[in-house]
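# Build me a model from this:
(chains A and B)
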There are 2 protein chains.
Amino acid sequence: MIDSTSLPLAGAEPPLRADAVRNRALLLEAAARLAARRGAAAITMEAVAAEAGVGKGTVSRRFGDRNGLLQALLDRSESLFQEAFLSGPPPLGPRADPATRLRAFGPALLRHEHADLELYLAAEPSPSRRFAVPARRLRHRHVALLVRALLPGADADLLAHTLLASVDVVLTDHLVRGHGMPLARVEAGWHDLVDRLLT
Amino acid sequence: MIDSTSLPLAGAEPPLRADAVRNRALLLEAAARLAARRGAAAITMEAVAAEAGVGKGTVSRRFGDRNGLLQALLDRSESLFQEAFLSGPPPLGPRADPATRLRAFGPALLRHEHADLELYLAAEPSPSRRFAVPARRLRHRHVALLVRALLPGADADLLAHTLLASVDVVLTDHLVRGHGMPLARVEAGWHDLVDRLLT
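A predicted model of the protein is given here:
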(Lines give C-alpha, C1' and ligand atoms only; values in the text may rest on other atoms or scores of the structure.)
Protein backbone atom coordinates (compact mmCIF):
# COMPACT_ATOMS: atom_id res chain seq x y z
CA MET A 1 0.00 0.00 0.00
CA ILE A 2 2.94 2.30 0.50
CA ASP A 3 4.84 1.83 -2.68
CA SER A 4 2.05 1.54 -5.21
CA THR A 5 1.99 5.16 -6.34
CA SER A 6 4.12 6.56 -9.06
CA LEU A 7 6.93 8.63 -7.58
CA PRO A 8 8.54 11.64 -9.18
CA LEU A 9 12.31 11.53 -9.27
CA ALA A 10 14.16 14.21 -7.36
CA GLY A 11 14.19 17.42 -9.33
CA ALA A 12 11.13 16.48 -11.40
CA GLU A 13 9.27 19.76 -11.91
CA PRO A 14 7.17 21.47 -14.55
CA PRO A 15 9.41 22.50 -17.47
CA LEU A 16 11.03 25.92 -17.13
CA ARG A 17 11.87 28.42 -19.86
CA ALA A 18 15.48 28.29 -20.99
CA ASP A 19 16.47 31.48 -19.17
CA ALA A 20 14.77 30.26 -15.97
CA VAL A 21 16.70 26.98 -16.24
CA ARG A 22 19.99 28.87 -16.59
CA ASN A 23 19.02 31.17 -13.74
CA ARG A 24 18.19 28.25 -11.44
CA ALA A 25 21.45 26.48 -12.30
CA LEU A 26 23.48 29.63 -11.59
CA LEU A 27 21.83 30.05 -8.19
CA LEU A 28 22.40 26.39 -7.28
CA GLU A 29 26.04 26.66 -8.32
CA ALA A 30 26.41 29.73 -6.12
CA ALA A 31 24.81 27.87 -3.20
CA ALA A 32 27.06 24.83 -3.77
CA ARG A 33 30.16 27.09 -3.80
CA LEU A 34 29.04 28.65 -0.52
CA ALA A 35 28.42 25.23 1.05
CA ALA A 36 31.82 23.95 -0.06
CA ARG A 37 33.59 27.04 1.27
CA ARG A 38 31.75 27.76 4.50
CA GLY A 39 29.38 24.85 5.28
CA ALA A 40 25.64 24.38 5.05
CA ALA A 41 24.97 26.88 7.84
CA ALA A 42 26.30 29.65 5.54
CA ILE A 43 23.55 28.99 2.98
CA THR A 44 21.03 31.75 3.48
CA MET A 45 18.85 33.39 0.85
CA GLU A 46 20.89 36.61 1.24
CA ALA A 47 24.29 34.90 0.98
CA VAL A 48 23.27 32.95 -2.14
CA ALA A 49 21.94 36.13 -3.77
CA ALA A 50 25.19 37.95 -3.01
CA GLU A 51 27.33 35.05 -4.25
CA ALA A 52 25.35 34.87 -7.51
CA GLY A 53 25.29 38.67 -7.92
CA VAL A 54 21.48 38.92 -7.99
CA GLY A 55 18.82 40.37 -5.70
CA LYS A 56 17.38 38.34 -2.84
CA GLY A 57 13.96 38.43 -4.54
CA THR A 58 15.34 36.35 -7.42
CA VAL A 59 16.36 33.60 -5.01
CA SER A 60 13.01 33.71 -3.19
CA ARG A 61 11.00 33.52 -6.42
CA ARG A 62 12.96 30.46 -7.51
CA PHE A 63 13.11 28.45 -4.22
CA GLY A 64 10.51 29.85 -1.84
CA ASP A 65 12.49 29.60 1.37
CA ARG A 66 15.77 28.29 2.74
CA ASN A 67 14.47 24.72 3.08
CA GLY A 68 13.33 24.78 -0.55
CA LEU A 69 16.80 25.91 -1.56
CA LEU A 70 18.48 23.17 0.50
CA GLN A 71 16.17 20.53 -1.00
CA ALA A 72 16.93 21.82 -4.50
CA LEU A 73 20.66 21.64 -3.78
CA LEU A 74 20.24 18.03 -2.65
CA ASP A 75 18.10 17.20 -5.68
CA ARG A 76 21.17 17.35 -7.87
CA SER A 77 23.15 14.72 -6.00
CA GLU A 78 19.96 12.77 -5.19
CA SER A 79 19.29 12.44 -8.94
CA LEU A 80 22.76 11.03 -9.51
CA PHE A 81 22.25 8.55 -6.66
CA GLN A 82 18.82 7.55 -8.01
CA GLU A 83 20.27 6.99 -11.48
CA ALA A 84 22.94 4.78 -9.91
CA PHE A 85 20.53 2.43 -8.16
CA LEU A 86 17.73 2.52 -10.77
CA SER A 87 19.71 2.20 -13.98
CA GLY A 88 23.43 2.28 -13.21
CA PRO A 89 26.04 -0.47 -13.53
CA PRO A 90 26.35 -3.40 -11.09
CA PRO A 91 26.45 -3.92 -8.16
CA LEU A 92 23.83 -1.19 -7.54
CA GLY A 93 21.97 -1.26 -10.85
CA PRO A 94 19.56 -3.70 -12.45
CA ARG A 95 22.08 -6.02 -14.11
CA ALA A 96 23.13 -7.35 -10.69
CA ASP A 97 21.02 -9.91 -8.80
CA PRO A 98 18.72 -8.60 -6.01
CA ALA A 99 20.92 -9.78 -3.12
CA THR A 100 23.98 -8.09 -4.60
CA ARG A 101 21.99 -4.89 -5.18
CA LEU A 102 20.60 -4.90 -1.66
CA ARG A 103 24.04 -5.47 -0.12
CA ALA A 104 25.47 -2.64 -2.20
CA PHE A 105 22.64 -0.20 -1.52
CA GLY A 106 23.41 0.60 2.14
CA PRO A 107 27.07 1.54 1.73
CA ALA A 108 26.20 3.53 -1.41
CA LEU A 109 23.48 5.43 0.48
CA LEU A 110 25.83 6.06 3.40
CA ARG A 111 28.58 7.42 1.17
CA HIS A 112 26.07 9.48 -0.82
CA GLU A 113 24.61 11.14 2.28
CA HIS A 114 27.89 11.56 4.13
CA ALA A 115 29.40 13.31 1.09
CA ASP A 116 26.74 16.00 1.60
CA LEU A 117 26.37 15.45 5.33
CA GLU A 118 25.85 19.05 6.44
CA LEU A 119 23.27 19.61 3.74
CA TYR A 120 21.34 16.46 4.59
CA LEU A 121 21.31 17.30 8.29
CA ALA A 122 20.30 20.93 7.64
CA ALA A 123 17.50 19.85 5.29
CA GLU A 124 16.04 17.07 7.48
CA PRO A 125 12.25 17.29 7.05
CA SER A 126 9.92 17.82 10.00
CA PRO A 127 8.42 14.67 11.59
CA SER A 128 5.16 14.98 9.67
CA ARG A 129 7.00 15.09 6.31
CA ARG A 130 10.00 12.91 7.05
CA PHE A 131 8.78 9.69 5.42
CA ALA A 132 6.72 11.39 2.72
CA VAL A 133 9.42 13.23 0.77
CA PRO A 134 9.71 11.77 -2.75
CA ALA A 135 13.40 10.87 -2.45
CA ARG A 136 12.75 8.90 0.73
CA ARG A 137 9.73 7.13 -0.78
CA LEU A 138 11.70 6.18 -3.87
CA ARG A 139 14.49 4.67 -1.74
CA HIS A 140 11.87 2.77 0.26
CA ARG A 141 10.13 1.45 -2.84
CA HIS A 142 13.45 0.30 -4.29
CA VAL A 143 14.55 -1.51 -1.12
CA ALA A 144 11.08 -3.05 -0.65
CA LEU A 145 11.14 -4.42 -4.22
CA LEU A 146 14.50 -6.06 -3.58
CA VAL A 147 13.35 -7.48 -0.22
CA ARG A 148 10.16 -8.80 -1.82
CA ALA A 149 12.19 -10.58 -4.53
CA LEU A 150 14.51 -12.08 -1.91
CA LEU A 151 12.06 -12.91 0.90
CA PRO A 152 8.63 -13.60 -0.64
CA GLY A 153 7.07 -14.42 2.75
CA ALA A 154 8.32 -11.36 4.61
CA ASP A 155 6.68 -8.02 5.33
CA ALA A 156 8.83 -6.26 2.75
CA ASP A 157 7.40 -2.79 3.44
CA LEU A 158 8.38 -2.95 7.10
CA LEU A 159 11.75 -4.60 6.51
CA ALA A 160 12.59 -1.92 3.95
CA HIS A 161 11.83 0.78 6.52
CA THR A 162 14.01 -1.05 9.05
CA LEU A 163 16.90 -1.34 6.60
CA LEU A 164 16.71 2.34 5.68
CA ALA A 165 16.40 3.37 9.33
CA SER A 166 19.57 1.43 10.16
CA VAL A 167 21.54 3.87 7.96
CA ASP A 168 19.52 7.00 8.73
CA VAL A 169 21.74 10.05 8.30
CA VAL A 170 20.96 11.53 11.73
CA LEU A 171 21.71 8.20 13.44
CA THR A 172 24.92 7.55 11.50
CA ASP A 173 26.11 11.11 12.07
CA HIS A 174 25.54 10.59 15.80
CA LEU A 175 27.61 7.41 15.65
CA VAL A 176 30.38 8.64 13.36
CA ARG A 177 30.95 12.21 14.54
CA GLY A 178 29.42 11.90 18.00
CA HIS A 179 31.02 8.60 18.99
CA GLY A 180 33.94 8.23 16.61
CA MET A 181 32.57 5.09 14.97
CA PRO A 182 34.28 4.51 11.60
CA LEU A 183 31.87 4.77 8.66
CA ALA A 184 33.29 1.41 7.54
CA ARG A 185 31.82 -0.19 10.68
CA VAL A 186 28.37 1.19 9.81
CA GLU A 187 28.79 -0.19 6.28
CA ALA A 188 29.80 -3.58 7.71
CA GLY A 189 26.72 -3.37 9.94
CA TRP A 190 24.52 -3.04 6.86
CA HIS A 191 26.12 -6.12 5.24
CA ASP A 192 25.72 -8.06 8.48
CA LEU A 193 22.07 -7.01 8.78
CA VAL A 194 21.29 -7.98 5.17
CA ASP A 195 23.07 -11.32 5.57
CA ARG A 196 21.19 -12.11 8.78
CA LEU A 197 17.87 -11.23 7.17
CA LEU A 198 18.54 -13.28 4.04
CA THR A 199 19.76 -16.48 5.69
CA MET B 1 31.76 2.67 23.66
CA ILE B 2 28.22 3.91 23.54
CA ASP B 3 26.68 2.21 26.49
CA SER B 4 29.51 2.30 28.99
CA THR B 5 28.44 5.44 30.86
CA SER B 6 26.04 5.45 33.74
CA LEU B 7 22.67 6.75 32.63
CA PRO B 8 20.24 8.67 34.78
CA LEU B 9 16.71 7.32 34.71
CA ALA B 10 14.02 9.59 33.35
CA GLY B 11 13.09 12.17 35.93
CA ALA B 12 16.35 11.83 37.86
CA GLU B 13 17.10 15.32 39.17
CA PRO B 14 18.63 16.96 42.21
CA PRO B 15 16.24 16.55 45.18
CA LEU B 16 13.60 19.26 45.57
CA ARG B 17 12.13 20.69 48.74
CA ALA B 18 8.78 19.19 49.69
CA ASP B 19 6.75 22.22 48.57
CA ALA B 20 8.63 22.32 45.25
CA VAL B 21 7.85 18.62 44.73
CA ARG B 22 4.14 19.23 45.38
CA ASN B 23 4.22 22.28 43.13
CA ARG B 24 5.86 20.35 40.29
CA ALA B 25 3.36 17.49 40.60
CA LEU B 26 0.41 19.90 40.52
CA LEU B 27 1.72 21.56 37.36
CA LEU B 28 2.31 18.21 35.65
CA GLU B 29 -1.19 17.06 36.58
CA ALA B 30 -2.59 20.26 35.11
CA ALA B 31 -0.59 19.69 31.91
CA ALA B 32 -1.75 16.05 31.72
CA ARG B 33 -5.38 17.13 32.10
CA LEU B 34 -4.93 19.65 29.30
CA ALA B 35 -3.31 17.04 27.05
CA ALA B 36 -6.10 14.53 27.71
CA ARG B 37 -8.78 17.11 27.04
CA ARG B 38 -7.38 19.07 24.12
CA GLY B 39 -4.26 17.31 22.81
CA ALA B 40 -0.54 18.00 23.06
CA ALA B 41 -0.80 21.15 20.93
CA ALA B 42 -2.86 22.77 23.70
CA ILE B 43 0.02 22.48 26.16
CA THR B 44 1.53 25.94 26.38
CA MET B 45 3.17 27.57 29.39
CA GLU B 46 0.20 29.98 29.64
CA ALA B 47 -2.46 27.26 29.40
CA VAL B 48 -0.79 25.11 32.04
CA ALA B 49 -0.45 28.09 34.38
CA ALA B 50 -4.15 28.92 33.91
CA GLU B 51 -5.20 25.29 34.41
CA ALA B 52 -3.16 25.05 37.63
CA GLY B 53 -4.29 28.47 38.87
CA VAL B 54 -0.77 29.89 39.15
CA GLY B 55 1.21 32.58 37.33
CA LYS B 56 3.13 31.79 34.14
CA GLY B 57 6.39 32.60 35.95
CA THR B 58 5.85 29.62 38.24
CA VAL B 59 5.67 27.27 35.24
CA SER B 60 8.74 28.84 33.62
CA ARG B 61 10.82 28.59 36.79
CA ARG B 62 9.98 24.91 37.11
CA PHE B 63 10.36 23.72 33.47
CA GLY B 64 12.28 26.39 31.57
CA ASP B 65 10.39 26.20 28.28
CA ARG B 66 7.66 24.24 26.54
CA ASN B 67 9.99 21.44 25.48
CA GLY B 68 11.18 21.07 29.07
CA LEU B 69 7.56 20.79 30.19
CA LEU B 70 6.79 18.18 27.51
CA GLN B 71 9.86 16.15 28.49
CA ALA B 72 8.84 16.34 32.16
CA LEU B 73 5.35 15.14 31.27
CA LEU B 74 6.85 12.19 29.40
CA ASP B 75 9.25 11.45 32.25
CA ARG B 76 6.37 10.13 34.30
CA SER B 77 5.28 7.46 31.82
CA GLU B 78 8.89 6.89 30.73
CA SER B 79 9.77 5.99 34.34
CA LEU B 80 6.96 3.43 34.46
CA PHE B 81 8.13 1.94 31.16
CA GLN B 82 11.74 1.81 32.38
CA GLU B 83 10.69 0.09 35.59
CA ALA B 84 8.81 -2.47 33.49
CA PHE B 85 11.78 -3.48 31.36
CA LEU B 86 14.49 -3.06 34.03
CA SER B 87 12.84 -4.69 37.03
CA GLY B 88 9.26 -5.63 36.16
CA PRO B 89 7.69 -9.08 35.78
CA PRO B 90 8.22 -11.34 32.75
CA PRO B 91 8.19 -11.25 29.78
CA LEU B 92 9.78 -7.73 29.86
CA GLY B 93 11.68 -7.93 33.14
CA PRO B 94 14.82 -9.74 34.25
CA ARG B 95 13.24 -13.06 35.28
CA ALA B 96 12.53 -13.89 31.63
CA ASP B 97 15.29 -15.13 29.30
CA PRO B 98 16.94 -12.60 26.94
CA ALA B 99 15.13 -13.79 23.79
CA THR B 100 11.73 -13.52 25.49
CA ARG B 101 12.61 -10.07 26.83
CA LEU B 102 13.80 -8.85 23.43
CA ARG B 103 10.68 -10.16 21.68
CA ALA B 104 8.49 -8.44 24.28
CA PHE B 105 10.36 -5.14 24.24
CA GLY B 106 9.26 -3.86 20.81
CA PRO B 107 5.50 -4.25 21.28
CA ALA B 108 5.79 -2.82 24.82
CA LEU B 109 7.69 0.22 23.48
CA LEU B 110 5.16 0.67 20.67
CA ARG B 111 2.21 0.57 23.06
CA HIS B 112 4.00 2.84 25.52
CA GLU B 113 4.74 5.51 22.93
CA HIS B 114 1.43 5.25 21.10
CA ALA B 115 -0.44 5.73 24.39
CA ASP B 116 1.20 9.17 24.56
CA LEU B 117 1.60 9.59 20.83
CA GLU B 118 0.89 13.31 20.54
CA LEU B 119 3.25 14.08 23.40
CA TYR B 120 6.06 11.96 21.95
CA LEU B 121 5.69 13.55 18.53
CA ALA B 122 5.52 17.08 19.99
CA ALA B 123 8.59 16.46 22.15
CA GLU B 124 10.79 14.85 19.47
CA PRO B 125 14.32 16.15 20.06
CA SER B 126 16.25 18.03 17.38
CA PRO B 127 18.62 15.95 15.19
CA SER B 128 21.68 16.87 17.25
CA ARG B 129 20.03 15.67 20.50
CA ARG B 130 17.85 12.83 19.20
CA PHE B 131 20.10 9.91 20.13
CA ALA B 132 21.60 11.55 23.20
CA VAL B 133 18.52 11.97 25.40
CA PRO B 134 18.82 9.75 28.51
CA ALA B 135 15.60 7.80 27.88
CA ARG B 136 16.75 6.89 24.38
CA ARG B 137 20.23 5.91 25.58
CA LEU B 138 18.77 3.72 28.30
CA ARG B 139 16.56 1.91 25.79
CA HIS B 140 19.55 1.42 23.53
CA ARG B 141 21.73 0.10 26.34
CA HIS B 142 19.01 -2.33 27.37
CA VAL B 143 18.43 -3.69 23.85
CA ALA B 144 22.19 -3.87 23.18
CA LEU B 145 22.70 -5.93 26.37
CA LEU B 146 20.03 -8.39 25.26
CA VAL B 147 21.44 -8.60 21.73
CA ARG B 148 24.94 -9.15 23.12
CA ALA B 149 23.69 -12.01 25.29
CA LEU B 150 21.88 -13.59 22.33
CA LEU B 151 24.36 -12.96 19.51
CA PRO B 152 27.89 -12.83 20.97
CA GLY B 153 29.51 -12.35 17.55
CA ALA B 154 27.28 -9.53 16.35
CA ASP B 155 27.73 -5.76 16.44
CA ALA B 156 25.22 -5.38 19.26
CA ASP B 157 25.45 -1.58 19.39
CA LEU B 158 24.44 -1.25 15.74
CA LEU B 159 21.79 -3.98 15.83
CA ALA B 160 20.23 -2.33 18.88
CA HIS B 161 20.01 0.96 16.99
CA THR B 162 18.43 -0.88 14.05
CA LEU B 163 15.87 -2.61 16.27
CA LEU B 164 14.90 0.65 17.97
CA ALA B 165 14.75 2.49 14.65
CA SER B 166 12.32 -0.13 13.32
CA VAL B 167 9.76 1.01 15.91
CA ASP B 168 10.64 4.73 15.91
CA VAL B 169 7.60 6.73 16.92
CA VAL B 170 7.75 9.08 13.92
CA LEU B 171 8.02 6.14 11.52
CA THR B 172 5.27 4.11 13.13
CA ASP B 173 2.97 7.13 13.32
CA HIS B 174 3.56 7.64 9.58
CA LEU B 175 2.62 4.01 8.95
CA VAL B 176 -0.32 3.77 11.35
CA ARG B 177 -2.04 7.13 10.96
CA GLY B 178 -0.61 8.09 7.58
CA HIS B 179 -1.12 4.76 5.83
CA GLY B 180 -3.68 2.95 7.97
CA MET B 181 -1.32 0.14 8.94
CA PRO B 182 -2.63 -1.68 12.04
CA LEU B 183 -0.33 -1.31 15.04
CA ALA B 184 -0.56 -5.10 15.35
CA ARG B 185 1.23 -5.42 12.00
CA VAL B 186 4.08 -3.24 13.27
CA GLU B 187 4.26 -5.40 16.40
CA ALA B 188 4.34 -8.54 14.24
CA GLY B 189 7.10 -6.89 12.21
CA TRP B 190 9.19 -6.56 15.38
CA HIS B 191 8.72 -10.24 16.23
CA ASP B 192 9.60 -11.22 12.66
CA LEU B 193 12.71 -9.01 12.73
CA VAL B 194 13.89 -10.44 16.07
CA ASP B 195 13.25 -14.00 14.89
CA ARG B 196 15.18 -13.44 11.65
CA LEU B 197 18.09 -11.92 13.54
CA LEU B 198 18.21 -14.70 16.12
CA THR B 199 18.02 -17.69 13.77
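
# Going by C-alpha atoms from here, please, whenever you check contacts or count neighbours.
OK.

# and the residue lying closest to A:Leu197 once chain neighbours are set aside, how many neighbours does it have?
Excluding the flanking residues, the one nearest A:Leu197 by Cα to Cα, 6 or more residues apart in numbering or on different chains is B:Arg196, at 5.7 Å. Per other Cα atoms under 10 Å in any protein chain shown, the neighbour tally for B:Arg196 reads 14.

# Now do the contacts for A:Leu198.
A:150-151 (Cα atoms under 8 Å, 6 or more residues apart in numbering or on different chains).

# For the strand or helix carrying A:Glu51, name the packing helices and strands.
Taking DSSP states H and E as the definition, A:Glu51 sits inside helix A:45-52. Here helix A:45-52 touches helix A:18-38, helix A:56-63, going by 3 or more Cα pairs under 8 Å, 6 or more residues apart in numbering or on different chains; DSSP states H and E.

# related to what we said a few turns ago, in whatever helix or strand the residue nearest to A:Leu197 lives in, what counts as buried?
According to DSSP H and E, B:Arg196 maps onto helix B:183-198. Residues of helix B:183-198 classed as buried by neighbour count (16 or more other Cα atoms under 10 Å in any protein chain shown): B:183, B:186-194, B:197.

# tell me the mean pLDDT over that helix?
The average pLDDT within helix B:183-198 is 97.

# For the residue lying farthest from the centre of chain A, give me its contacts.
The C-alpha centroid of chain A is most remote from A:Gly55, which lies 29.4 Å away (Cα atoms, centre = their mean). Listed by Cα under 8 Å, 6+ apart, the contact partners of A:Gly55 are A:Ala49.

# The residue nearest to A:Leu197 contacts A:Leu193, doesn't it?
No - assessed by Cα atoms under 8 Å, B:Arg196 is found out of contact with A:Leu193, at 9.9 Å.

# wait, what's in contact with A:Leu28?
A:Leu28 sits next to A:72-73 when contact means Cα under 8 Å, 6+ apart.

# Show me what the helix or strand A:Ala108 falls within is packed against.
Assigning secondary structure by DSSP H and E places A:Ala108 in helix A:98-115. The contact analysis (3+ Cα pairs under 8 Å, 6+ apart) places helix A:98-115 against helix A:66-87, helix A:134-150, helix A:169-173, helix A:183-198.

# Return the distance of the last one from the chain's centre.
It refers to helix A:183-198. What separates the centre of helix A:183-198 from the centre of its chain is 20 Å, taken as Cα atoms, centre = their mean, to the nearest Å.

# Please apply the same query to the longest one.
Between the mean C-alpha location of helix A:66-87 and the chain-wide mean there is a distance of 6 Å, by Cα atoms, centre = their mean.

# For the helices and strands packed on helix A:98-115, give me TSV that also has distance to B:Arg136.
What follows is those, written out as TSV (distance: least, Cα to Cα, whole Å):
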stretch	distance to B:Arg136
helix A:66-87	28
helix A:134-150	24
helix A:169-173	12
helix A:183-198	19
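
# among those helices, which gets the worst mean confidence?
Comparing mean pLDDT across the helices and strands packed on helix A:98-115, the lowest value falls on helix A:66-87: a mean of 91.

# could you measure A:Pro134 against B:Ala49, distance?
As judged by Cα to Cα, to the nearest Å, A:Pro134 and B:Ala49 stand 42 Å apart.

# and what of A:Leu80?
Counting by Cα to Cα, the gap from A:Leu80 to B:Ala49 is 52 Å.

# same question, A:Arg103
Note on A:Arg103: its distance to B:Ala49, by Cα to Cα, is 54 Å.

# Likewise for A:Leu119?
40 Å.

# and A:Ala84, how many neighbours?
Quick note: A:Ala84 (other Cα under 10 Å) scores 18 neighbours.

# same thing with A:Arg95?
13.

# What separation is there between A:Leu69 and B:Leu86?
46 Å.

# More neighbours: the two, which one.
Each of A:Leu69 and B:Leu86 has its neighbours counted (other Cα under 10 Å); A:Leu69 has more, 23 against 15.
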